[in-house]
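Novice: Build me a model:
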Amino acid sequence: MRVAAPDAATARDTAAALRDALPAGDDVVGPDLDGALLVKSADLRGTLTALTPLRHAWDRDGRKVRVDVDPLL
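Specialist: Numbers count the residues shown, from 1 in each chain. As a prediction, this is how the structure comes out:
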């Protein structure tokens, strides 16, 4: 799963929030220079469930965080 933030500060905040919220067994890599993070998921359904409150909070706060899921996984 790829999570993209619009700038470096948002990417750092997003990475910290992901690391706190994701289930055990998931790993967050990044952010890279483009503000993107990779999430290595042990259980995709559990990861997506854990992301739901974060996605709602990011939307409420007007953060332009994008979550892309590979449909082949």
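
Novice: so where do the strands sit in this protein?
Specialist: 2-4, 27-29, 36-40, 66-68 (DSSP state E).

Novice: Nearest spatial neighbour of the residue nearest to the spatial centre of the chain, chain-adjacent residues omitted?
Specialist: Nearest residue to the geometric centre of the chain (Cα atoms, centre = their mean): V3, 4.5 Å. Residue nearest to V3 in three dimensions, not counting chain neighbours: L37, with 4.6 Å by Cβ to Cβ, 6 or more residues apart in numbering. To be clear about C-beta, it is placed using only N, CA and C from the backbone, and glycine gets the same treatment.

Novice: and that neighbour, what is it in contact with?
Specialist: R2, V3, A4, A5, A11, T14, A15, L18, V28, V29, G30, P31 (Cβ atoms under 8 Å, 6 or more residues apart in numbering).

Novice: thinking again about what came up before, these two touch, right, the residue nearest to the centre of the chain and V39?
Specialist: Yes. Between V3 and V39 there is a contact at 6.2 Å, judged by Cβ atoms under 8 Å.
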